[in-house]
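Chemist: got a sequence here, can you build the structure:
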Amino acid sequence: MGFKELFIAIGLVLIFEGLIPFISPSFYKRSLLQLKEIHENYLRIFGLVLIILGVIIINFI
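Modeler: As a prediction, this is how the structure comes out:
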């Protein structure tokens, strides 16, 4: 994997991260406000699950 693929991956992440605020800004704001109510341990576990899924997906490609 070279730098080109890395920048493509970063670009795709930015595109997907920008879709929700672009399509529905009010939903995005409500979602961010709800995140304040979630306990930090649940967010940490969610982040770990996302990391593991990402590693699994990358290893199978």
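Chemist: this structure: strands as residue ranges?
Modeler: Counting by DSSP state E, the chain has no strands to list.
Chemist: which residue is nearest the middle of it?
Modeler: Residue closest to the average C-alpha location in the chain (C-alpha atoms, centre = their mean): Glu17, at 6.5 Å.
Chemist: contact partners for it?
Modeler: For Glu17, the contact set (C-beta atoms under 8 Å, 6 or more residues apart in numbering) is empty. (Glycine included, C-beta is placed from N, CA and C.)
Chemist: so what pLDDT did it get?
Modeler: pLDDT, Glu17: 93.
Chemist: repeat that for Leu33.
Modeler: For Leu33, the model assigns a pLDDT of 93.
Chemist: count the neighbours of it for me.
Modeler: 9 (other C-beta atoms under 10 Å).
Chemist: what distance do you get for it to Ile58?
Modeler: Leu33 sits 32 Å away from Ile58, going by C-beta to C-beta, to the nearest Å.
Chemist: same thing with Phe7?
Modeler: 16 Å.
Chemist: also Pro25?
Modeler: Relative to Ile58, and taking C-beta to C-beta, Pro25 is found at 31 Å.
Chemist: Phe27 contacts Leu33, correct?
Modeler: No. Between Phe27 and Leu33 there is no contact under C-beta atoms under 8 Å: 10.9 Å.
Chemist: what are the boundaries of the helices in this structure?
Modeler: For the chain, the helices defined by DSSP state H cover 3-23, 25-35, 40-60.
Chemist: pull the residues that contact the second one.
Modeler: By C-beta under 8 Å, 6+ apart, the surrounding residues in contact with helix 25-35 are 20-21, 43.
Chemist: hmm, try it at 6 Å
Modeler: 20-21 (C-beta atoms under 6 Å, 6 or more residues apart in numbering).
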